[in-house]
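Engineer: Could you look at this predicted model? Sequence included:
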Amino acid sequence: MADPDTGGETPCSCKVSTVATDCGLDDVHAELRQAWERSDGKSVRELAAEFNRRVLSAAFADAGRLPIDGELDNLYRVLTDDDVDEGSRTRAREQLRQDGIDVEAVEERFISHQTLYRHLVNCLDADQETATRTDAERIETWETRLRALQNRTENVISQAISQLRNSETIEIGSYDVLLDVNVLCEDCGTFYTLSEFLDERACECQNPSDEE
């Protein structure tokens, strides 16, 4: 999984991530998380609608069509709003087809707010309480997550060795798997264990002593 704070790589294989990759929206993950976690953040419904409008915009770009001001918002409303009559929706779809846009494919890529919520919570580890947490609470939360990840990694390695030994591919007696996570400051060359670094919160070269 990629760092959800930086975007870039696809962080998971859920529908949101797959659609984002297909539409060239790989940087959207960090934007979604930040917009939702802010104390004055947008609702999941608002963010899902914004995401879907960007999907529609990407379809316009692929077709070489530049929408006029306000056109995207109106088209998205016509395509998705329950209050729109079917005749208006049919005309909108036909116009999109004439513009070279595969409207069925676009609508298939639209996500629900429930799908986006699962992406935020399960894939990006987003948490709306983050903005009101203290530094100590944030560190404790991440340390718990990282320890769980370390334990899972150790278990996977142990299972792999066990399977290889059972198939007589490798030979080993009683064994244990120990995974150490260290943090290296490339500025001063200081090594920290993960716990040490989180306790210190900064490298010594970032907090120089007052002593000469």
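Structural biologist: That came through fine. Numbering: from 1, shown residues only.
Engineer: If you drop the residues flanking it in sequence, what lies closest to A92?
Structural biologist: Leaving aside its chain neighbours, A92 sits nearest to V78 (4.4 Å; criterion: C-beta to C-beta, 6 or more residues apart in numbering). To be clear about C-beta, it is placed using only N, CA and C from the backbone, and glycine gets the same treatment.
Engineer: Provide the count of other residues in contact range of the one you found.
Structural biologist: Neighbourhood size, V78 [other C-beta atoms under 10 Å]: 17.
Engineer: Can you tell me the SS state at it?
Structural biologist: Assigned with DSSP: H, G, I helix; E, B strand; the rest coil, V78 falls in the helix class.
Engineer: Pull out the buried residues from the top helix by length along the chain.
Structural biologist: Criterion DSSP state H: the longest helix present in the chain is helix 135-166. Neighbour counts over helix 135-166 (16 or more other C-beta atoms under 10 Å) mark no residue as buried.
Engineer: Same question for stretch 177-192.
Structural biologist: In stretch 177-192, counting by 16+ other C-beta under 10 Å, buried: Y192.
Engineer: now it, how far from the chain's geometric center?
Structural biologist: 26 Å (C-alpha atoms, centre = their mean, to the nearest Å).
Engineer: got it, and stretch 104-124?
Structural biologist: 12 Å.
Engineer: Looking at that stretch now, give me its mean pLDDT.
Structural biologist: The average of the pLDDT scores along stretch 104-124 is 93.
Engineer: Check stretch 59-75 too.
Structural biologist: pLDDT averaged over stretch 59-75 gives 91.
Engineer: Run through who's touching that stretch.
Structural biologist: The contact list for stretch 59-75 (C-beta atoms under 8 Å, 6 or more residues apart in numbering) reads 23, 53, 56-57, 92, 96, 99-102, 105-106.
Engineer: now swap in stretch 141-155 and tell me
Structural biologist: Contacts for stretch 141-155 (C-beta under 8 Å, 6+ apart): 125, 127, 133, 177-179, 181, 194-195, 198.
Engineer: mind redoing it with 6 Å?
Structural biologist: 177, 179, 198 (C-beta atoms under 6 Å, 6 or more residues apart in numbering).
Engineer: what about the nearest residue to the second one once chain neighbours are set aside, distance to R77?
Structural biologist: For L179, ignoring the flanking residues on the chain, the nearest one in space by C-beta to C-beta, 6+ apart is E154 at 4.9 Å. With distances taken as C-beta to C-beta, to the nearest Å, E154 is found 51 Å from R77.
Engineer: which residues in this protein form strands?
Structural biologist: Taking DSSP state E to define them, one finds strands in the chain at 182-184, 191-193.
Engineer: For the first one, which strands pair with it and how are they oriented?
Structural biologist: Looking back up the chat, that one is strand 182-184. strand 191-193 (antiparallel) (DSSP bridges).
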